[in-house]
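Novice: Show me how the following folds:
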Amino acid sequence: MKISLFLDKIIDFLKWPVAVYMIFCVPALLASFRYFDPVNIKTIALFCGLIFFVFSKTMMDASVRTSMQVIAHELTHAFFALITFHKVKNIRLNPDDTGGEMGFVGEGNWLIVIAPYFFPIFIFVFVFITFFLNQNIIFSVVLGYLLGYHLDTVASQIHDKQTDLPKVGYKFCFMFLPGANLWIIGLILAYNAKGLSGFLKYVNFVNTLNIRFFYDVMECLNNLY
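Specialist: Residues are numbered from 1 along each chain as shown. Alright, predicted model coming up:
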């Protein structure tokens, strides 16, 4: 069996367990934002970058902005195809900026389809390139700008004419995407604040909150019965 087919079967098997996990994480993820110090200089710099994106967005040429969103969208599809061992055959962008298409070998999986709606490909590339550099104020500002770009791109792509969402099902999108995007935002804030160690500590913190939430729910159920 090809490794890509094997991974597709595992990923597809995990589709609904992952969706349930994501929706279960939402309360913990919302509570986890108290983990971050809002007056920390890096956090302030990140939000300055995000605000700068909001203002610069109004000055962007609409066609250029749309083209960049389409490019990011198709590159994210391609990235997840590659990391699940699918050979990418082509990436095509529509001349009128209405969308694009990424072709790959094999049947694929739901993760390839849904990836652009939660995974910030430009932030991943930026962090990868700067991984061994000092995370100064400029790093935080750029990270904040890219976070604003990512959130704007995701928001603009979720609509009833989007062809990817029906492929995985609207019910799945409703269960998976809010938690997935909250995870991404939290991880970005944690990495900005304390680097890789902050990233790992944040994961542990959210999982701890999940356990507490589970026990609270069980205790409430026991009190009811």
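Novice: Any stretches of this protein with poor pLDDT?
Specialist: Within the chain, the segments meeting pLDDT under 70 span 1, 62-63, 95-99, 225.
Novice: quick one, strands of it?
Specialist: 88-93, 100-104 (DSSP state E).
Novice: mind giving me TSV with those strands and columns for mean neighbour count and distance to residue 159?
Specialist: Bear in mind the C-beta positions are built from the backbone N, C-alpha and C, glycine included. Putting these into TSV (neighbours: other CB atoms under 10 Å; distance: least, CB to CB, whole Å) gives the following:
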stretch	mean neighbour count	distance to residue 159
strand 88-93	13	19
strand 100-104	17	16
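Novice: Switch those strands over to JSON lines; also include distance to residue 179.
Specialist: JSON lines is the format used below for the strands of the chain (distance: least, CB to CB, whole Å):
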{"stretch": "strand 88-93", "distance to residue 179": "28"}
{"stretch": "strand 100-104", "distance to residue 179": "25"}
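Novice: How far off centre is the top helix by length along the chain?
Specialist: What stands out as the longest helix in the chain, according to DSSP state H, is helix 170-224. With CA atoms, centre = their mean, to the nearest Å as the basis, helix 170-224 stands 14 Å off its chain's centre.
Novice: oh, and call the first residue 58 from now on, that's how I've got it
Specialist: New numbering, starting at 58: the last item is helix 227-281.
Novice: if we can go back for a sec, of all the strands of the chain, which one is nearest residue 67?
Specialist: Smallest distance to residue 67 across the strands of the chain (CB to CB): 17.5 Å, for strand 157-161.
Novice: Partner strands of the closest one, with direction?
Specialist: With DSSP bridges as the test, strand 157-161 is paired with strand 145-150 (antiparallel).
Novice: Report the backbone C-alpha coordinates of the partner strand in PDB.
Specialist: Output of strand 145-150 as PDB, limited to C-alpha atoms (Å, rounded to 0.1, in the frame of the first residue of the first chain):
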ATOM      1  CA  VAL A 145       1.300  17.800  -6.700                       C
ATOM      2  CA  LYS A 146       0.700  17.900 -10.500                       C
ATOM      3  CA  ASN A 147      -0.200  21.600 -11.000                       C
ATOM      4  CA  ILE A 148      -1.500  24.800  -9.500                       C
ATOM      5  CA  ARG A 149      -3.800  26.800 -11.600                       C
ATOM      6  CA  LEU A 150      -5.100  30.300 -10.900                       C
END
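Novice: Name the residues that touch it?
Specialist: 124, 127-128, 131-132, 135, 138-139, 156-162 (CB atoms under 8 Å, 6 or more residues apart in numbering).
Novice: Please repeat the previous calculation with a cut-off of 7 Å.
Specialist: 127, 128, 131, 135, 138, 139, 157, 158, 159, 160, 161, 162 (CB atoms under 7 Å, 6 or more residues apart in numbering).
Novice: Adding distance to residue 111, write the residues you listed out as JSON lines.
Specialist: Listed next are the contacts of strand 145-150 as JSON lines, based on distance: CB to CB, whole Å:
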{"residue": "127", "distance to residue 111": "21"}
{"residue": "128", "distance to residue 111": "21"}
{"residue": "131", "distance to residue 111": "25"}
{"residue": "135", "distance to residue 111": "28"}
{"residue": "138", "distance to residue 111": "32"}
{"residue": "139", "distance to residue 111": "32"}
{"residue": "157", "distance to residue 111": "26"}
{"residue": "158", "distance to residue 111": "30"}
{"residue": "159", "distance to residue 111": "29"}
{"residue": "160", "distance to residue 111": "35"}
{"residue": "161", "distance to residue 111": "35"}
{"residue": "162", "distance to residue 111": "40"}
